[in-house]
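Visitor: Kindly generate the corresponding structure for this input.
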Amino acid sequence: MISEREVSRLPPPRPPTPHSQSWRTFLDNHLGSLASIDFFTVPNPTFHVLYVFLVLAHDRRRVLHFNVTERPGAAWTAQQIIEAFPEDTATKYMVRDRDGIYGDQFRRRVSGIGINEVLTAPRSPWQNPYAERLVGSVRRKCLDHMIVLGEQHLRRILTAYSSYYHKSRTHLSLHKNAPETRAVHPPSMGAIVEIPDVGGLHHHYERRAA
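Guide: Numbers count the residues shown, from 1 in each chain. Presented below is the predicted three-dimensional model:
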């Protein structure tokens, strides 16, 4: 039993420390000023591995830039950032993982155009959810159904899928709209026609007059 006198001698409890914002809250609060970058690999029939680098804007899930190479490096990756953000279009923050390819040359280039890097925790791909979701979509909806013959072939495939992704593919987070806002077609515009995309792998539908 502890007496009231002993209790009165105890130091007062410390006020609770306010929690910092969660990772999800950070992503939501800076939606309009965030971009993500990521690499993924694509093997071809001759067992060469191609590397795809992509830059994704969070606001409307737009692919700002992508490129393909057999030999990625810090200098090559740094150049991709310049191509993704020409002139004064750089975002305020950029989410990336801790891959060693993002070396000193890459970090200097990113800092030089005013981008603040936000690094995910080690082995935590869930902290880069938009880029990971895009990579999954590219694989499941496109590359898993094709045989990639080489670097130029892969670039053509991704260019076609990028056009479909931006103009026709709906996103729940965009209220079933596409990254490039689609116009509403009233019945007066004509009958619904089917238009193939990505070599017929996907289709979109529009109203067109006969």
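
Visitor: which residues does Thr69 contact?
Guide: Contacts of Thr69 were listed using CB atoms under 8 Å, 6 or more residues apart in numbering, and they are 50-51, 53, 76, 151. Any C-beta I mention is one placed from the backbone N, CA and C, and that applies to glycine too.

Visitor: which residue packs closest to His202, ignoring adjacent ones?
Guide: Tyr164 (5.5 Å; CB to CB, 6 or more residues apart in numbering).

Visitor: which stretch of helix or strand covers the one you found?
Guide: Using DSSP states H and E, Tyr164 sits within helix 151-167.

Visitor: Using PDB, write out every CA atom in that helix.
Guide: The C-alpha coordinates for helix 151-167 follow below in PDB (Å, rounded to 0.1, in the frame of the first residue of the first chain):
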ATOM      1  CA  GLU A 151      15.500  -2.600 -75.700                       C
ATOM      2  CA  GLN A 152      13.900  -0.800 -78.600                       C
ATOM      3  CA  HIS A 153      11.000  -3.300 -78.700                       C
ATOM      4  CA  LEU A 154      10.400  -2.800 -74.900                       C
ATOM      5  CA  ARG A 155      10.500   1.000 -75.400                       C
ATOM      6  CA  ARG A 156       7.800   0.700 -78.100                       C
ATOM      7  CA  ILE A 157       5.600  -1.500 -75.900                       C
ATOM      8  CA  LEU A 158       5.900   0.900 -73.000                       C
ATOM      9  CA  THR A 159       5.100   3.900 -75.200                       C
ATOM     10  CA  ALA A 160       1.900   2.300 -76.400                       C
ATOM     11  CA  TYR A 161       0.900   1.200 -72.900                       C
ATOM     12  CA  SER A 162       1.700   4.700 -71.500                       C
ATOM     13  CA  SER A 163      -0.700   6.200 -74.100                       C
ATOM     14  CA  TYR A 164      -3.400   3.800 -73.100                       C
ATOM     15  CA  TYR A 165      -2.700   4.300 -69.400                       C
ATOM     16  CA  HIS A 166      -2.900   8.100 -69.500                       C
ATOM     17  CA  LYS A 167      -5.900   8.400 -71.900                       C
END
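
Visitor: dump the residue contacts of the residue most central in space within the chain.
Guide: In the chain, the residue lying closest to the centroid (CA atoms, centre = their mean) is Ala131, at 2.9 Å. Ala131 makes contact with 36-38, 54, 56, 95, according to CB under 8 Å, 6+ apart.

Visitor: And for Ile147?
Guide: So Ile147 contacts 44-45 (CB under 8 Å, 6+ apart).

Visitor: Confirm for me that the residue nearest to His202 is in contact with Val198.
Guide: Yes. With contact defined as CB atoms under 8 Å, Tyr164 counts as touching Val198 (5.3 Å).
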